[in-house]
Every structure is written in structure tokens, then in C-alpha cells.
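Trainee: Build me a model from this:
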Amino acid sequence: MARKDKPAPAQLGVEIDLETAGQAAVNASLFPEDGPAPEAKAAPAAPKPPSADGRSRLAALVAAATSAEGLARGQSFGQAETVVIGRPSPQVGFRTHNGPAWGGTFYVLENRTKVAHGGKAMVRSHFLVEGSVAAEFVTRRDSAIKPKRLSLWIDSMGNLGLWAQSVSGQGENAWIDSGRAAIVAAQKTWLRVSADQVAGRYRAFQYPGMTCEPRWPEWAADPLEVLERAFGQDGIIWETNHPALQGLDGAEIKLGGEEII
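Mentor: Below is the predicted model:
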């Protein structure tokens, strides 16, 4: 059976006029080309000049805000009472503490574990490990307990934290080398750091919004106080029977025909 050809579709995107002559006349009267006449608006009332007393009070407010104390307060937001474990946010500037304690080596366990705290169960990710306990684990190649250099920092928002860095020789790891260089530079100037995953290192940038010296809380001068606030009593491992160490001291087993080295 012969197929009937369908009519060709109309061209797309071509404008058509659906107005009749009569409609055009009506529309022209309703919508003139120069648009409707604007409505008359009342002239805005002139603002009242402030009183002499109001200006003097405002001047005192500005003077207080721009005083040395006011400018220092504006450079940094409130002070945190806790210490986080981790490096500063890449969006904010930070400074580091140059105290001698923050150049030493601590043993840190990174292991998300439930622990009892104040009668409640909570999850911790970082634990500070006493040296003799750490000695039983650090020689194992799979040990989760690592020697770390803890560097105390404060950011432009007033938050405090400990940047835990692995310990290695210079030139062995670009992440550690560049991070350590940023920590040293931040002892003298405000900067921010960003992780460059392609290059495998940290990049440091100036943070010109901050010009004053960091306002460390008084307790930041005591490393014991800092560690207590960072780890808490439940986050420091003194004995090998600590719940966070459960399962980490098991002997290695063979898998198939493998030999244990």
C-alpha cells in the first residue's frame, strides 16, 4: 500500500502576527508606544538634621570603636575554650605558638572509638598515648600509634587547635615539609594554607586582613592545660587495657599460603 507523504512541518522560530486591523487599533490606544504617563509623585521630605546631643553621642561611639582597644577587639572574634585536633580551615588566617612544648614529639592514636565521658558514651578520634604504652605498638608496621609533632594554632575567628604532623626527615615527604614550613612562618605572620592534592603539598598564602598580634588566652601558655582541653581525661591513654587499644595488639595470622614476616 502506498504511503501518504505527511505535510512538511512549519519552520520553527519564525514570528507571526495574530492581530487583526481592529485589534491593532484597540491595542494602540491601550498601549501607546511611549508608554503610560508617569504618575506624579510627591517630593521626598528633607531629612531632619541630627540634634547636637545626638551627634556628640554618635561621635563618642565612633571614638570608642576606633580606639586602640576597639581596633584590637575587631581584629579577632571571641576566644574558644576548647582545643580541636586538626589543621586550620583553608579559608581563614592563623598564627602558631612558638612555645618549646610544640616542637617536641608526642604519641598519638587516630582511632574512632567509643569511650565513657561523664557517664555518657562518646566517640573520640584522637588519643594521646603515654610513652611506655606507645613503645609496645610503634615498632609494628601496621601500628595506628604514630609519633606526632603537635603545633598549637589560633585562627582569625578565635578558634584554637593542635595540628598533628607526622615526624620524618626533611625531604622525605613534601606534605610534612611544606606543612612544617607553614607552621614556622605562622609564628611571625598571619597566613592560610591550602592542600594542593596535585602537587602533593601544602600551599601558603598571605592573609592581609589581620595585622595585630594574636590574642592567646592565658591558659594557652600552659601546655598541660592545652592538652587537657584538647584530649580530656578520657582521651589520654595511660594503660594498655584502654578501650581504644582493644584489638590493636593481636598477633598476625596467615592468609592462604602467605608467610608471616
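Trainee: can we go C-alpha only for contacts and neighbour counts from here?
Mentor: Will do.
Trainee: check contacts around residue 83.
Mentor: 159, 160, 161, 162, 226, 229, 230 (Cα atoms under 8 Å, 6 or more residues apart in numbering).
Trainee: I'd like the residues you listed written out as a markdown table, with secondary structure and neighbour count added.
Mentor: Shown next, in a markdown table, are the contacts of residue 83 (DSSP: H, G, I helix; E, B strand; the rest coil; neighbours: other Cα atoms under 10 Å):
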| residue | secondary structure | neighbour count |
| --- | --- | --- |
| 159 | coil | 19 |
| 160 | strand | 29 |
| 161 | strand | 23 |
| 162 | strand | 22 |
| 226 | helix | 20 |
| 229 | helix | 17 |
| 230 | helix | 22 |
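Trainee: Redo those as a markdown table? Include pLDDT and distance to residue 54.
Mentor: Formatted as a markdown table, the contacts of residue 83 follow (pLDDT from 0 to 100; distance: Cα to Cα, whole Å):
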| residue | pLDDT | distance to residue 54 |
| --- | --- | --- |
| 159 | 94 | 38 |
| 160 | 96 | 41 |
| 161 | 96 | 45 |
| 162 | 96 | 48 |
| 226 | 94 | 47 |
| 229 | 93 | 47 |
| 230 | 93 | 48 |
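Trainee: Name the nearest of those residues relative to residue 136.
Mentor: Residue 136 lies nearest to residue 230 out of these, by Cα to Cα, at 24.1 Å.
Trainee: how close does the closest one get to residue 178?
Mentor: 24 Å (Cα to Cα, to the nearest Å).
Trainee: What of residue 201?
Mentor: Counting by Cα to Cα - residue 201 and residue 178 are separated by 6 Å.
Trainee: Likewise for residue 152?
Mentor: Residue 152 is 17 Å from residue 178, by Cα to Cα.
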